[in-house]
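Student: prediction below, plus the sequence it came from.
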Amino acid sequence: MNEPMNLDETMREVRACATRMNAEYGATVFDEWVVVLLQRPQARVLAYSGPRSQQFRQTFQRDLGSLKSALLAGGHQDGDFEFARHATGTCFEGFMALGNEAYLICNNTSSSMDEIAKNPRWLSAQVPFADLSEKICARQMSLEA
């Protein structure tokens, strides 16, 4: 079995995925990438990349939108992901399970998943996301340094 990825390695993979997705799509697919830990009693942001680092924590619960029930239901295997087709504004477009109750939140703060998917280049932009999912499935994220 492969060694788990630490948070820094995970974020390097996320940035590489975002770069590849944007290149395939021809524009920014998700401008917000966040690793959150959903352990009780309160969720914690472990890493954030995006345009609204100050507001993100304040609007987290609201921005879960239609993904809230799926995300909080738990039981996800490493690398599992889900998209919210009709999320708008700052509501999150997708998440990926990273292991250890950690999740990657993907969001486009100015476009909906429905709008993103209308571009024919969305199909090829999904390949790097699927590759990231496979890496997460194979290695899981560790919260150890």
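Tutor: Here it is on my side, so go on.

Student: moving C-terminal of the least confident helix or strand in the chain by mean pLDDT, what's the next helix or strand?
Tutor: Across the helices and strands of the chain, mean confidence by mean pLDDT, DSSP states H and E is lowest for helix 68-73: a mean of 82. Proceeding N to C from helix 68-73, the next assigned helix or strand is strand 81-83, under DSSP states H and E.

Student: related to what we said a few turns ago, how about the least confident helix or strand of the chain: buried residues?
Tutor: Ala70, Leu71 (16 or more other CB atoms under 10 Å). Just so you know, the C-beta spots here come from the backbone N, C-alpha and C atoms, and that holds for glycine as well.

Student: what's the burial count for the closest residue to Phe83 other than its chain neighbours?
Tutor: Excluding the flanking residues, the one nearest Phe83 by CB to CB, 6 or more residues apart in numbering is Gly94, at 4.2 Å. A count of nearby residues for Gly94, using other CB atoms under 10 Å, gives 22.

Student: tell me what the least confident helix or strand of the chain is packed against?
Tutor: The helices and strands touching helix 68-73, judged by 3 or more CB pairs under 8 Å, 6 or more residues apart in numbering; DSSP states H and E, number zero.

Student: related to what we said a few turns ago, partner residues bridging the residue nearest to Phe83?
Tutor: Note on Gly94: beta-bridge partners by DSSP bridges are Phe83, Cys106.

Student: how about the strands of this protein, start to end?
Tutor: Here the chain has its strands, by DSSP state E, at 32-37, 44-49, 81-83, 94-99, 102-107.
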